[in-house]
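Q: Structure here, sequence nowhere to be found:
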């Protein structure tokens, strides 16, 4: 069993840390919110007084932060960078969803100090975080991946080795951009079919068994009433918020711009989620984008 | 066993007619090309001298024509409309991919004469036509659907009852529009990933097991070398041509316009296939749209 | 002074016919609405009892109809086609906005009978129709154009010879597609500027004097309060309705499809006007598309 | 006459500095390229040995740098930030095209030190820089704008006060995004018209006199042969490169993302310029995007 410093205990990070506790690890938990720390401690975690305190004796560090600048600041360029305080043989696993360029900068800075730093963004949402069924997309050397895998398996089901440093972020950006395309495309096909007289459940079934088959039709149908237990059948509550999808699409566009990779479909999806967001739907599940298409 | 008049024996219609022959039906085959007729006759079909000859004694008529005006002209408004020559209890199954409005007009004209006319466009391509594994999307009454089903099962595997007259065309237009969205979206995600250093097979596998999962990743990967036996691994030969996808997207846009159903993603896909087509790729398989994204 | 049969006296056709009357021509006016006829007669026009009555002795015929099928039916393929009743040396000027293919069919049928038929769709809206300041985009031979010009100048200011038959429709479809692009693009630039703290009038002025300069900034600013006397400063009442722009964009898409001309920007504009229309804004002036972008 | 430190003497900065020299100012010129400095010195400028040397005694500083990080680094956060070396009453005019957020950060840092820092990005290209006819879009207080104006008038013709700090960048991003929309929209309308038989010059003239009127039709027609003296009539050499337009659209997208301002048309234009760029056209004038639409 390892000692793990965990920094960032929000909606995702909190349940992830608890799953590490449940697996028997010693988890030193830190967050700016004392309440968030308390939750993990109540499940058996250890209170860390500071980020530094969380990482000092840790074999592994897991971080879950909002944006690239926080990761950069925390480890490298802030007032008291953690790279100065970690053990030499630590492996830092950053599960934040951030831009690949920052990951590569931070990983290079780590390597220069002989520290291991890998990117391992997740997909699967709050539900997956609680259930321990997240997917991790990992950017790491083979050796680092092998070392991280048992830790990640305490929190997730599918652990993918996407490539070297930054590759986890690239894979996630590509996947989520594609997901946005699937959801908008499926919503628009269903809406056109229904507006032309078809039953949404019948059309969903036909397309699912044909070449229109995709994740949205399989497990996340955006049309209310077609599928049970999904956000569309619960007023689009819960799930993966429009605001978060919009953030992820922003990262995908940044990647598109930096690498001059054309993304006409992803750009279109971003524009549609933006239109949906300015209609006041940022807090709804992202499958609510169907409403953008419907007659008001 | 039934007597079936079959009109239109092209790349799709020919193999479909032959499958009816193989199932034991008497197939009276007509096409403007004598060669096309001869092929069906060589498998046991009967030569019809004219469209009229093909349908006169038929219990069922199957038609496979290029566009709505041909269907309208052949049955209703041409020089010698077939509605004047068919038996009262015939069931006409039109498998052409045409606009739903024409279907509804022709079906109404049929009903006024007491004739049964249903739409049953297919998906599955030339391969599916030969193998008898097509999907049929049927617009018909319950009774008509029940009557047509055994005939359609000689030619296909999945026989969907989409709704009343025209609903088969609506379902196909929605499905193929969604397919175009999946293929362009998948191509663009793969291209961006590869341009950022990922292996196309690794990224394909990650997205297939994640929320980017869709038909293209499952059975029709557009990136050369990732999947065997698909057009992308055969210089984009065979399969479903860009020109045909462009035609189908035109039908989807017409439906969008007539019903004022917003289709930003489908419109985008149509524009991309158009750009790909003007680059001289109309005759390639539609998964070749990946090339539009790649550095030349 | 000529005898002119005028068919179709709606919002556009009515004032156009009246301007012909005012110029001193004998105008035999026909419309399915007796009220519409009465209005023209009250200004000095002559009541025609039927379309046939309107055209029988006419030197010129002007038609203003909703769609291609009406033009085709009225002149060529209806129950009592007008081509059977017009004088040999008549010149028929169709000012309807329809598809170029129908124009070319009807013009060919006319030519076969030795009759002159040209397309002359207009731009300039109801205001331009009343003021006699319409622009006409004419598809005609040089001789036909020369003959039509004095008649058109009674109703408009700019009379363009776009090319041979159908070219008027092509020019109008291209222009209006571009107009839709200008209006959506201008709205979105203004909205982004304002959301980032700029004054809409200041930003409008800067872009008008820079490379963003276009018709919308010059005479039809979509931002309320920037410009006087335009629909945006009158709750988007009057002007050119969203529904009509959506119709015109449908014609442009049909042209794009038939000629395989890529229209990613025009397709995008159509999708945006469609989204705006399903929000219940079909009856507003098209510059109201700005509202689609704004926080609700 | 003032002493002006000028940093960044590239294609744009070089001619701008020379115009300040010609107006009689003392220009202390610095660039990493000694050759670039020599050119300005040969016109009467003064060699600065370093950026620090250029600004130490300056009444004004003008900077023209590639990206936000360079501006941030040079003035605030680099090894030897210029804010430590400038005179108290200096006015720093940054003419770089960068993101508004960086401008606001740097301006705030300046204000905290009692230094004046304003953004004044330009439009008008290399030609405008040489001729002294640039447009400046300025983000500044009223007082700062009044102080900067005489200096800017040595280099440009239209000096716009867009608003407070950062507003110059916002105005430029909005304008150039709209310009990209105008150019792609105009190219696509012209291409469709020509593909349907119209003469590009005739169609250009019609749209210019109608509601399709815009800057591209007025002074920068993208169709070869329609207009003299523009890049399209010179194999798309010179002018404003595709690569630069792509950079500016990236800045616009970043602004869209940060402010959640929907930009479906601007996003589309970015995607089209990206497709055009991966075809190997990054070094051509941006009006060459017409080629993307044309049959190859």
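A: Received, thanks. Fair warning: this is a prediction, and the values are worked out from it, not measured in the lab.
Q: Next, the buried residues of the helix or strand containing residue A:243.
A: Secondary structure assignment for residue A:243, by DSSP states H and E: helix A:242-259. Residues of helix A:242-259 classed as buried: A:242-257, A:259 (neighbour count, 16 or more other C-beta atoms under 10 Å in any protein chain shown). The C-beta positions use only the backbone N, C-alpha and C, and glycine is treated the same way.
Q: go on, stretch A:282-296?
A: A:282, A:284, A:285, A:286, A:287, A:288, A:289, A:290, A:291, A:292, A:293.
Q: Surely the last one and residue A:188 touch.
A: Yes. Distance between residue A:293 and residue A:188: 5.6 Å, which falls inside the contact criterion (C-beta atoms under 8 Å).
Q: And for the residue of the stretch 51-200 of chain A found nearest chain D, the neighbour number?
A: The minimum distance from the stretch 51-200 of chain A to chain D, using C-beta to the nearest C-beta, falls at residue A:77 (10.1 Å). Per other C-beta atoms under 10 Å in any protein chain shown, the neighbour tally for residue A:77 reads 13.
Q: now do residue A:60
A: Residue A:60 has 23 nearby residues by other C-beta under 10 Å.
Q: For the closest residue to it other than its chain neighbours, give its distance to chain C.
A: Excluding its sequence neighbours, the residue lying closest to residue A:60 (C-beta to C-beta, 6 or more residues apart in numbering or on different chains) is residue A:4, at 4.6 Å. Plainly put, residue A:4 is 43 Å away from chain C if you go by C-beta to the nearest C-beta, to the nearest Å.
Q: ditto for residue A:124
A: With distances taken as C-beta to the nearest C-beta, residue A:124 is found 31 Å from chain C.
Q: just residue A:31 next, same as before
A: For residue A:31, the distance to chain C (C-beta to the nearest C-beta) stands at 32 Å.
Q: Also residue A:26?
A: Separation of residue A:26 from chain C (C-beta to the nearest C-beta): 48 Å.
Q: who's in contact with that residue?
A: When contacts are counted by C-beta atoms under 8 Å, 6 or more residues apart in numbering or on different chains, residue A:26 touches A:1, A:2, A:3, A:4, A:46.
Q: show me what contacts residue A:53?
A: The contact partners of residue A:53, by C-beta under 8 Å, 6+ apart, come to A:28, A:30.
Q: related to what we said a few turns ago, can you tell me which of the buried residues of helix A:242-259 are up against chain B?
A: A:252, A:255, A:256, A:259 (C-beta under 8 Å from any C-beta of the partner chain).
Q: from those, which is closest to residue B:177?
A: For these, the closest approach to residue B:177 (C-beta to C-beta) belongs to residue A:252, at 22.7 Å.
Q: Mind pulling up the pLDDT for the closest residue to the closest one other than its chain neighbours?
A: Excluding the flanking residues, the one nearest residue A:252 by C-beta to C-beta, 6+ apart is residue A:177, at 4.1 Å. Confidence at residue A:177, expressed as pLDDT, is 98.
Q: Tell me the gap between the helix or strand where residue A:177 lies and the middle of its chain.
A: Secondary structure assignment for residue A:177, by DSSP H and E: helix A:167-195. Between the centre of helix A:167-195 and the centre of its chain there are 16 Å (C-alpha atoms, centre = their mean, to the nearest Å).
Q: tell me which residues in the helix or strand following it are buried?
A: Once helix A:167-195 ends, the next helix or strand along the chain (criterion: DSSP H and E) is helix A:200-208. Buried residues in helix A:200-208, counted by 16+ other C-beta under 10 Å: A:200, A:202, A:203, A:204, A:206, A:207, A:208.
Q: tilt between helix A:200-208 and helix B:167-195?
A: Compare the direction of helix A:200-208 with that of helix B:167-195 by axes from the mean of the first three to the mean of the last three C-alpha atoms, to 10 degrees and you get 50 degrees.
Q: Please consider this matter closed, and thank you.
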